[in-house]
Structures are given as C-alpha cells and as structure tokens.
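In: Got a predicted structure here, sequence first:
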Amino acid sequence: MIDDRQKELETFANAGAQPNQPVGPPPGGHALVRATSGLAERVIGAQPVAVHRDEQKILDKLRMLGAAAGSDWFYRFPVKKKDGGQDWIEGPSIKLANDVARIFGNNVNEVREIDVGDAWVFYARFTDIETGFSMERAYRQRKSQTSMRTRDADRQLDIAYQIGQSKAIRNCIVNSLQIYADYAFEQAQNSLIDRIGKNIDGWRKRTLERLAEIPVELTRVERVVGRSAKDWLAPNIAQIVAMMKSVADGMATVDEVFPPIDQASAANLDKAAAEGGGEGAPTAADESAARTSPAERPATADTSEHPIALAYQRGVQAKGAGHRRTALPGEYRGAANSKKADAWFAGFDGSPMPHEDDKLV
C-alpha cells in the first residue's frame, strides 16, 4: 500500500522513481515551467492583428505621457574618459522602455538567463508581431554588484538579479524602437526642465532634502554641477534629479555619480559652466584676476610661490572680488590640474588650504 502511494505521488510530481523508469504524461492541471536557460519558443514572421498601430497616435501619447513622467523616464551619471576627463551617460529608463513598448503595441518581450558562475547572462528578445521584426540582445550582470548598503547578502543578490533583468529588457526595447524611445526621452527631459523653471525655488528645496536623505555631502554635488546650490538653474536641478534617479534605480553608486572631493575633477566644472549658458563662464574680470601677478597676491610664509598656495590665494581673491564660484581660471581646468582646482575652491570657500602629511600637495 505504501509503495502504491509513493508511486502515485511521484507520478503527480512528474518525477520517475527510477532513472530508467518511463514517466507517463502529467495529470490534468499539472503546471510545466520552462527552464530559464532553455531556448524560448518564438514567433516568426508577421501575424494577423485585430488593431493596426497608428504612428502619429503613438507619438502623441508619448508626448503627453513624457510631460507627466519627467525623471521617471531617464537617468544620468558620469563616467571617466581614457584621457582623464569625464563624460556623461544619460538615457531612457526601464519605465520608459516598458511604456514605449506598451504604447507601440502588438509586440512580445521575453527574457531568459544563463548562470555563468560569477554573473548572469540575460537574453532579452523583442518581437513585433505586426511586422515580423525581431531582435535579441544579451546583457551580462555581475553578481557582485552592490547598489545599496545592506548586510543581507541574499537580498543584495536578488537586487542585482532584478537590475540585470531590467537592463536587458530596457536595452532590447530601446534598440528595437530607437526612434520612439529617443522621442520619449526628449519629451520627458524637456518637460522636467519646464516644470522646474516654473517653481525653481520649490524644486531646489526638495532636491536638497532628497540629497540629504541619500545621504551625500552638498559640496560633492556642487562640484559636479559647477554651481553652488543657491545658483542652480532649472537645467542643473534637472540633471541632479536624473542623477539621483540613476542611484535609486541601481544604475550607479553615489560615489560614481557624486565623486568624493579628493576624486573630483575640475573637468566637471568646465563642462557644467559651458552648459550654464555663459553665466558660469569666466568674465573679463575673472580673467583679469587670473592674470594677477604673484607680487600682487597676499603672501603666505614659505609657500607664496608654491602653485597650490598661489591657487588657494587666487580663490580667496576671487571670492573677495565677488566673482562666481564657477569662474575657475582656465589654467586650473582639466584632470591634470585637479589639485590646483581643489586649492582654488578651498580658498574661495574659506576652507583650509589642502595639505598632505603636513606638506602642500
């Protein structure tokens, strides 16, 4: 009786009692789960659809939703260049990709993964069943990626898995529907700047509160933006909002988006000042101050001719002359001059002159 009961249970579970014993068909209602590492069935060729898409209606909906989505539809974070400078990566978020695919309609999106030990390789596939177009893209997600501070290793592993899956889906949809994704991205970005411009003080306050919640030092954010918080313009706040979004979504870490002061590069300010529309660029008065001879600058004992000390004193003078914090002299810009830039900012902010082991750096 016990043997019969055991066989019935094994048959229901669709698992043979012996390796060589044939397994019968599963009983009614038994669920078969496709292995994630197996090849997914795919739709090949165009299929008949009940409602054909209208491109103009798609663009109209994307424009309308982009105005409401704002920063939910894009991200932004900095990356280092090979030559020592810095560039920015910005693009559509997973939410944008999902919404674009939904509005585009008549498509199928699938994803499967293969565990390769220290990472997962996700294969995402987009299929337009109306035209028959299909695209598949692979994305490798390392298991060691950390996106939040937690001692729960299993939770961190779960988060890394979900991030990899989302990135794979987003990359595939965005590349398959590139024109629509780019259009949606631009609409969301422009609408956010417009909304911030209508209430810039309120947005500045909320942004500062959100930065404090992360938390991240305000000076690190100001270094990246190239302006002090009180001088932030609508495009600056929009950039910060997008950068915080990239941290929240696990696209980058806080230190990657807002580098610590000792890692920050003056090249960030060069770009930020240029994007600031002239107000942050050095004026004729700024350039005049930059050309001030050492004899005209306040001297510091035993350090008056040291480049770092001179940069510090010039920062003090720039502050006293009422110049903007973004008016960093041209010769202090660029990754190679980051230490001089740090000294200039220290003098401008009234902070101690940078030292290392009781010696000027």
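Out: Nice, I can see it. Note that the structure is predicted; figures quoted are calculated from it, not measured. Residues are numbered from 1 along each chain as shown.

In: For Glu136, give the beta-bridge partners.
Out: For Glu136, the beta-bridge partners are Arg125 (DSSP bridges).

In: Return the distance of it relative to Ser176.
Out: Using C-beta to C-beta, to the nearest Å, Glu136 is found at 10 Å from Ser176. To be clear about C-beta, it is placed using only N, CA and C from the backbone, and glycine gets the same treatment.

In: Give the phi and psi angles for the closest residue to Ala119 other than its chain neighbours, as a check.
Out: Once flanking residues are discounted, Ala119 sits nearest to Arg142: 4.7 Å by C-beta to C-beta, 6 or more residues apart in numbering. For Arg142, the backbone dihedrals (degrees, to the nearest 10) come out as phi -70, psi 140.

In: circling back to that earlier point, and Glu136 and Ser176? Which one has more around it.
Out: The neighbour comparison of Glu136 against Ser176 (other C-beta atoms under 10 Å) goes to Ser176, with 25 against 16.

In: wouldn't that one be in contact with Arg125 here?
Out: No - using C-beta atoms under 8 Å as the test, Ser176 is too far from Arg125 to be in contact (9.3 Å).

In: how about the longest helix seen in the chain: buried residues?
Out: Selection of the longest helix in the chain by residue count, based on DSSP state H, yields helix 153-176. For helix 153-176, burial by neighbour count (16 or more other C-beta atoms under 10 Å) applies to 156, 159-161, 163-174, 176.

In: Also stretch 312-323?
Out: Neighbour-count burial for stretch 312-323 [16+ other C-beta under 10 Å]: Tyr312, Gln313, Arg314, Gly315, Val316, Gln317, Ala318, His323.

In: Please identify every residue contacting each of Glu136 and Ser176.
Out: Taking C-beta atoms under 8 Å, 6 or more residues apart in numbering as the criterion, Glu136 and Ser176 both touch Phe126.

In: where does the protein have low pLDDT?
Out: For the chain, residues meeting the criterion pLDDT under 70 lie at 1-43, 78-81, 83-88, 147-150, 251, 261-305, 334-335, 355-361.

In: can you map out the strands along it?
Out: Here the chain has its strands, by DSSP state E, at 74-80, 86-92, 107-115, 119-128, 134-142, 355-356, 359-360.

In: how about those strands in JSON lines, adding distance to Met244?
Out: JSON lines is the format used below for the strands of the chain (distance: least, C-beta to C-beta, whole Å):
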{"stretch": "strand 74-80", "distance to Met244": "9"}
{"stretch": "strand 86-92", "distance to Met244": "13"}
{"stretch": "strand 107-115", "distance to Met244": "27"}
{"stretch": "strand 119-128", "distance to Met244": "26"}
{"stretch": "strand 134-142", "distance to Met244": "22"}
{"stretch": "strand 355-356", "distance to Met244": "32"}
{"stretch": "strand 359-360", "distance to Met244": "35"}
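
In: between the ones you listed, which gets nearest to Met243?
Out: strand 74-80 (5.1 Å; C-beta to C-beta).

In: Val241 against Trp73, yeah?
Out: No - using C-beta under 8 Å, Val241 is not in contact with Trp73; the gap is 11.7 Å.

In: neighbour count winner among these two?
Out: Shown here are Val241 and Trp73; by other C-beta under 10 Å, Trp73 has more neighbours (30 against 20).

In: which ones are touching that one?
Out: Counting by C-beta under 8 Å, 6+ apart, Trp73 touches Gly66, Pro92, Ser93, Lys95, Leu96, Asp99, Ala184, Phe185, Ala188, Gln189.

In: you'd agree the fourth one is up against Asp72?
Out: Yes - proximity of Lys95 to Asp72 meets the contact threshold set by C-beta under 8 Å, at 5.1 Å.

In: of all the contacts of Trp73, which two lie farthest apart?
Out: With distances taken as C-beta to C-beta, the most widely separated pair in the contacts of Trp73 is Asp99 and Gln189, at 14.9 Å.

In: Select, out of the strands of the chain, the one closest to Asp249.
Out: Closest approach to Asp249 among these is made by strand 74-80 (6.3 Å; C-beta to C-beta).

In: hmm, back to that, out of the strands of the chain, flag the one nearest Lys57.
Out: Minimum separation from Lys57 across the strands of the chain (C-beta to C-beta) falls at strand 107-115, 15.7 Å.

In: List the strands paired with the closest one, with their directions.
Out: Strand pairing for strand 107-115, using DSSP bridges, gives strand 119-128 (antiparallel).

In: Identify each buried residue in the strand it pairs with, please.
Out: Within strand 119-128, the residues that qualify as buried are Ala119, Trp120, Val121, Phe122, Tyr123, Ala124, Arg125, Phe126, Thr127, Asp128, counting by 16+ other C-beta under 10 Å.

In: Could you single out the nearest of those residues to Tyr332?
Out: Nearest to Tyr332 among the buried residues of strand 119-128, with distances taken as C-beta to C-beta, is Ala119, at 41.2 Å.

In: and that closest one, what is it in contact with?
Out: Taking C-beta under 8 Å, 6+ apart, one finds Arg140, Gln141, Arg142, Lys143 in contact with Ala119.

In: With Ala188 instead?
Out: Residues near Ala188 by C-beta under 8 Å, 6+ apart: Gly66, Ala67, Ala69, Gly70, Ser71, Asp72, Trp73, Phe74, Leu96.

In: Pretty sure Asp72 is one of the things Leu192 touches, is it not?
Out: No - Leu192 is beyond contact range of Asp72, at 9.5 Å (criterion: C-beta under 8 Å).
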